[in-house]
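> With the input below, show me the fold.
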Amino acid sequence: MSNISTTILAIAPGTRELGIAVIQNAELLFYGVKTINNRKNPQMILEAISNQIRNLVKKYRPTHLAIEKIITKQSSYALLAVAADQIKSVAKELNLLISEYLAATVRKQLCQTGRATKRETVEVLTTSFPELKRYALRTTKWECDYYGNLFDAVAVGVICEEVVTGR
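Now for the predicted structure:
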């Protein structure tokens, strides 16, 4: 087990919102959802995403980027794949170590079952981080989707920290 302090910037990529979490020594330093407001064209979306990542790196000085891996099965997800690539490109430019995790793999590791659902993942995360409970108790579809980005980022960050630190 490593005694070196590791700070993980975890991202659940999106073209409308980015789920974000910063984890250091099993502590959740920051979490949230960043909305991409300037969506006039793909270039503006990618620029806004790059700026968000640069600002987070500047503020939290992470050593690693953990990102949810995007699997594109439809052309409608093409911009999402490009956005994820943009995030990784900025992270590489800023000398972060990059780890990608499939959502299903993250849920399986967190919940210790291959059939874990998003709801079960949220329950595990709110046990570890009680401050997230208020985001788990959402009832409308848009709220569940919106805050789902936050939980996806926290989950990816937790798994990355476990891998990096050997906890």
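> so where is the chain shaky, pLDDT-wise?
Along the chain, segments meeting pLDDT under 70 span 1-4, 72-76.
> Okay, helices next: where are they in it?
Along the chain, the stretches classed as helices by DSSP state H are 42-60, 78-93, 103-111, 118-128, 133-136, 141-165.
> What separation do you get for the residue found closest to residue 98 once you drop the neighbours it is linked to in the chain and residue 144?
Distance criterion C-beta to C-beta, 6 or more residues apart in numbering; nearest residue to residue 98, sequence neighbours excluded, is residue 65 at 4.9 Å. In short, each C-beta sits where N, CA and C put it, glycine included. In this view, residue 65 and residue 144 are 26 Å apart by C-beta to C-beta, to the nearest Å.
> One more: residue 15?
Taken as C-beta to C-beta, the span from residue 15 to residue 144 is 19 Å.
> now swap in residue 103 and tell me
15 Å.
> what's the answer for residue 80, then?
From residue 80 to residue 144 the distance is 19 Å (C-beta to C-beta).
> hang on, the earlier thing: higher neighbour count, residue 65 and residue 144?
Neighbours were tallied for residue 65 and for residue 144 using other C-beta atoms under 10 Å; the higher tally belongs to residue 65 (26 against 16).
> Quickly list what the more buried one is bridged to.
Note on residue 65: beta-bridge partners by DSSP bridges are residue 9, residue 98.
> Thought residue 87 was touching it, still the case?
Yes: Residue 65 is in contact with residue 87 according to C-beta atoms under 8 Å; the separation is 7.3 Å.
> Identify the contacts common to the two.
residue 11 (C-beta atoms under 8 Å, 6 or more residues apart in numbering).
> now residue 144: how far from residue 150?
11 Å.
> now residue 96
Taking C-beta to C-beta, one finds residue 96 at 21 Å from residue 150.
> again with residue 105
In this view, residue 105 and residue 150 are 19 Å apart by C-beta to C-beta.
> okay, these two: which has more neighbours?
The neighbour count for residue 105 versus residue 150, taken as other C-beta under 10 Å, is higher for residue 150 (23 against 15).
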